[in-house]
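> take a look and give me a structure for this.
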Amino acid sequence: MKHNSTQKFFSEFMGTAILVFMGCGSAMLLGCDAAGGHLAVALAFGLSIVATAYVIGGVSGCHINPAVSLAMLIHKKITVTEFIYYVVAQILGALLAAGLLKAVGSFGSVTDLTGALGSNSAAATGIFGAIVVEVILTFIFVLTILGVTSDDKKGSVAGLVIGLTLAFVHIVGIPLTGTSVNPARSLGPAIIAGGAALRDVWVFIVAPFAGAALAALAYFGIMEKKSKSKKK
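From the prediction side, this is the model:
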């Protein structure tokens with residue numbers, strides 16, 4: 001069954017909103033210290049992917065991440081037009097979720113333990129360090145996505161594998177940058193939180209895109225070698 005552009009747009013919008021609300025919301029409410037919220041936040045992001053993949057995966061592919069959409073564009077799985085409206089939907093979804101989180105933060109005695117709706121920061125690593133970290137983590141994440149979605153036989157477990165990989169990269173990335181690997185996830189909370197959260201947000205847009213592009217190129221190389229070996 002083919003789905004139209006509106007269905008795909010709404011799926012990406014809704015999926016990204018769920019990811020940001022649950023992932024950044026867990027960071028905001030639980031904190032990210034190693035003794036408490038670190039693992040819980042990682043799992044919240046990962047489980048958000050697992051949950052949404054089996055709902056909207058068959059509609060839009062469940063990218064819910066502009067970096068993933070870029071890799072799919074390079075891999076010729078989507079068109080330039082689709083890439084543009086996917087990214088717009090993802091950013092709008094992230095903005096909605098961040099707005100809802102700001103509203104939640106105003107309820108009663110609720111405290112935002114991150115101070116900025118779970119926004120990313122380069123404070124721990126410096127700008128260069130944050131770029132390196134985000135490129136590496138996004139590379140791992142996107143390469144996994146390309147690998148598991150390239151084989152229809154893996155379709156039934158793809159959402160689980162991708163979700164666990166997202167949790168996996170968050171375990172390392174949370175103490176360093178808060179883990180982005182997703183420009184929309186970074187941009188939405190930063191815009192709504194404002195102030196210092198916006199200062200380094202460009203890092204968490206540029207680096208994930210770079211990591212995704214490198215992953216797509218690396219995957220092309222792997223697949224090309226596989227096809228050549230089969231011919232021999």
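> all helices of the protein, in order?
Here the chain has its helices, by DSSP state H, at 5-30, 37-60, 66-74, 80-105, 126-149, 155-173, 183-193, 203-231.
> out of the ones you listed, nearest to residue 114?
Nearest to residue 114 among those is helix 5-30 (5.3 Å), distances taken as C-beta to C-beta. Just so you know, the C-beta spots here come from the backbone N, C-alpha and C atoms, and that holds for glycine as well.
> distance of residue 48 relative to residue 61?
Distance of residue 48 to residue 61, given as C-beta to C-beta, to the nearest Å: 16 Å.
> also residue 91?
With distances taken as C-beta to C-beta, residue 91 is found 17 Å from residue 61.
> between these two, point out the one with more neighbours.
Between residue 91 and residue 61, counted using other C-beta atoms under 10 Å, residue 61 has the larger neighbour count: 23 against 20.
> need the pLDDT of the residue nearest to the spatial centre of the chain.
Taking C-alpha atoms, centre = their mean, the centroid of the chain lies closest to residue 182, which sits 3.6 Å from it. As predicted, residue 182 sits at a pLDDT of 98.
> okay, now the closest residue to it other than its chain neighbours: neighbour count?
Nearest residue to residue 182 in three dimensions, chain neighbours excluded: residue 65, at 4.3 Å (C-beta to C-beta, 6 or more residues apart in numbering). Residues lying near residue 65 (other C-beta under 10 Å) number 31.
> is it true that residue 60 touches residue 86?
Yes: between residue 60 and residue 86 a contact is recorded at 7.2 Å, counting by C-beta atoms under 8 Å.
> which of the two has more residues huddled nearby?
Counted by other C-beta under 10 Å, residue 60 and residue 86 do not tie: residue 86 has more neighbours, with 30 against 25.
> distance of the residue nearest to the centre of the chain relative to residue 105?
21 Å.
> where does pLDDT dip in the protein?
Residue ranges of the chain with pLDDT under 70: 1, 33-36, 224-232.
> run the last query once more with 90
Within the chain, the stretches with pLDDT under 90 are 1-4, 31-38, 150-156, 220-232.
> which residues do residue 60 and residue 86 both contact?
The contact sets of residue 60 and residue 86 overlap at 8-9, 12 (C-beta atoms under 8 Å, 6 or more residues apart in numbering).
> now render those residues as TSV, adding neighbour count and distance to residue 20.
Converted to TSV, these look like this (neighbours: other C-beta atoms under 10 Å; distance: C-beta to C-beta, whole Å):
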residue	neighbour count	distance to residue 20
8	20	19
9	20	17
12	32	12
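> that'll do, ta.
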